[in-house]
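>>> my questions are about this predicted structure, shown below with the sequence.
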Amino acid sequence: MPVTPLAIVETGMVTAVGLDTPSSCAAIRCAIDNFQETRFMDEGGEWQIGSEVALEEPWRGRVKLLKMASMSIRECIDKSGIGNPEEIPLILCLPEKDRPGRVIENDDTFFADLQDELGLEFSPLSRVLGHGHTAVAVALKHARSIIAEKKAKQVLISGVDSLLSNAALSAYEQSDRLLTSSNSNGFIPGEASATLLIAAPERSGKPQLLIHGLGFGVEKAFLGSGIPLRADGLTAAIKASLQETGCEMHDINYRITDITGEHYYFKEASLALSRTLHKRVEEFDIMHPTDCVGEAGAATGPLVIAYQNYFSVNGHGKGKRVIAHFGDSDGKRSAIVMSYSGA
């Protein structure tokens, strides 16, 4: 049975190609990246290519994460005109606890420091999620419950992460997942923050990007498992999101994903499409905006949704409905069906 949708009210972004939503999205739309040599060296003796956010000072590690998160949240709050942040829950998406190179030791302390950085205090309903790419779908599920139960009228969802650390790069290079001078089947490491302001849809008829179905699955044949890939987890997530929306895959016009360059995830997306699309369509495009900003970890989910909002609002969408899907290294999968009321 279709569920009550949510609406994207406003967004904020900090990426290597822009320090706000308009500049970041315009660059991604034009396929502009900012990939440069970093201060790290790969095992082949070449400088590692990365996608680094250039801030006013050369902050690193935890401090830089606080600065990026506060910038994207502040942009979202300022543009939406929120006057009572203490009544709004903030769901903060951070990297998985066991993710290589995670510089945040205590999530609660990081959240408190983020509030201090912003000079704000959010609702006691706020929480921290450590689910990587799929965290945005989990956050939307929590936001839907909060709004449906009238505990809050709006919810902020923000993600921040960076893979530009020696620990992260070394671990991913050892597992042959990093794009280096000796490996062409890998991702370019990056960093970013993105924020979404979520609310119930407006009744005024104003064009909005709406969030409909949410679906989740677990892939046993995750990357490096040695099990033949059938895309069971992603297929299950897509089917669940379609069921919540009350539509079929052929009713969707295109896809947007978190794919960052590894062949495994392109194959998985292709297999999942073949198992869920049962009627012939002329085209079924797939967008992957992380091509321009690199692998941004837990910031990827909110970033993809924020870009889709820009894409739809500016009339670039190839139809009314789009499905987003996300995957984590440990096999967690999620899918989100969206529609643009102005399309």
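Nice, I can see it.

>>> grab the most central residue of the protein for me.
Using CA atoms, centre = their mean, the residue of the chain that lies closest to the mean C-alpha position is Gly301, 1.1 Å off.

>>> check the secondary structure at that residue for me.
Of the three states, Gly301 takes helix according to DSSP: H, G, I helix; E, B strand; the rest coil.

>>> give me the pLDDT value at it.
pLDDT, the model's per-residue confidence, is 97 for Gly301.

>>> pretty sure it is touching Val138, no?
No - Gly301 sits out of contact with Val138 when judged by CB atoms under 8 Å, with a separation of 9.0 Å. For the C-beta atoms, the positions are set from N, CA and C on the backbone; glycine is no exception.

>>> re earlier: let me see the contact set for the residue nearest to the centre of the chain.
Under the criterion of CB atoms under 8 Å, 6 or more residues apart in numbering, the neighbours of Gly301 are 93, 133-137, 139, 159, 258, 326.

>>> so how far is Ala167 from the nearest residue to Gly186 once chain neighbours are set aside?
Sequence neighbours aside, Leu179 is the residue nearest to Gly186 in space, at 3.9 Å (criterion: CB to CB, 6 or more residues apart in numbering). To Ala167, Leu179 is 18 Å away according to CB to CB, to the nearest Å.

>>> looking at these two now, which is surrounded by more residues?
Taking other CB atoms under 10 Å, Leu179 and Ala167 do not tie; Leu179 has more neighbours (24 against 13).

>>> wait, the more buried one sits on Gly190?
No - contact status for Leu179 versus Gly190: not in contact, 11.2 Å apart, counting by CB under 8 Å.

>>> residues touching Tyr264, list them.
Contacts of Tyr264 were listed using CB under 8 Å, 6+ apart, and they are 223, 229.

>>> and for the residue of the chain most remote from its centre, nearest residue in space, chain neighbours not counted?
Here the centre of the chain is the reference, and by CA atoms, centre = their mean the most remote residue is Gly45, at 31.9 Å. In space, and not counting its chain neighbours, Gly45 is closest to Ser181: 7.8 Å by CB to CB, 6+ apart.

>>> got phi/psi on that neighbour?
Per-residue torsions, Ser181: phi -70, psi -20 (degrees, to the nearest 10).

>>> just give me the longest helix of this structure.
When the chain is parsed with DSSP state H, its longest helix is helix 61-80.
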